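In: Okay, here's the prediction I keep looking at, along with the sequence it came from:
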Amino acid sequence: MMNSRSAVGDSELTLQRICGEYLEMPGLQRVTGTLAGRITFEESSMMLYADRGGDDVSDVMPADTTGYILLMDTGDTPTELMDVWQVKVKTCSRQRSTDAATMWMVQFASPSGRLPAEKVVIPAAA
């Protein structure tokens, strides 16, 4: 399981955008209605800085790891709300550049096929 209380800091996070389809309902009526269709998740990834000592995201999020990403918009504050995304790590690879610090790109999939849990109360630290 991934460390649920790690801060992302100056890193970049692109988490699964949820998209829905509409299904047309043709009939003999003059007005055509629609129904909500399938929901899909777009590609998700996170960019995190590599650590010179090697203590970085590659240790807690190797490929094929299943865990959770917690989005705490107000910080790790008990009784505030967060969103909980179940994810499976597809890849965890270094991104190197001659003009920037080395970063790790972690790509995710949604293994459960379920929507994220939204507005979950952040519990007090044990």
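Out: Good, I have the coordinates.

In: can you map out the helices along this structure?
Out: With DSSP state H, the ranges of helices along the chain come out as 57-60.

In: quick one: average confidence on the top strand by length along it?
Out: When the chain is parsed with DSSP state E, its longest strand is strand 81-95. On average, the pLDDT along strand 81-95 is 91.

In: Sheet partners, orientation included, of that strand?
Out: strand 66-71 (antiparallel), strand 103-109 (antiparallel), strand 117-121 (antiparallel) (DSSP bridges).

In: winner for burial among those strands?
Out: By mean neighbour count, with neighbours taken as mean count of other C-beta atoms under 10 Å, strand 103-109 ranks first of these at a mean of 20. C-beta: built from backbone N, CA, C; applies to glycine.

In: Can you give the contact residues for that one?
Out: 11, 15-16, 41, 43-50, 56-58, 61, 69, 87-95 (C-beta atoms under 8 Å, 6 or more residues apart in numbering).

In: try it again with 6 Å
Out: 44-50, 57-58, 61, 87-93, 95 (C-beta atoms under 6 Å, 6 or more residues apart in numbering).

In: hmm, back to that, kindly state which of the strands paired with strand 81-95 is positioned closest to Leu35.
Out: Closest of the strands paired with strand 81-95 to Leu35 is strand 117-121, at 22.7 Å (criterion: C-beta to C-beta).

In: avg pLDDT for the closest one?
Out: 94.

In: Could you check how far that strand is from the centre of its chain?
Out: 14 Å (C-alpha atoms, centre = their mean, to the nearest Å).

In: cool, stretch 85-101 as well?
Out: With C-alpha atoms, centre = their mean, you get 13 Å for stretch 85-101.

In: Right, I'll call it a day here.
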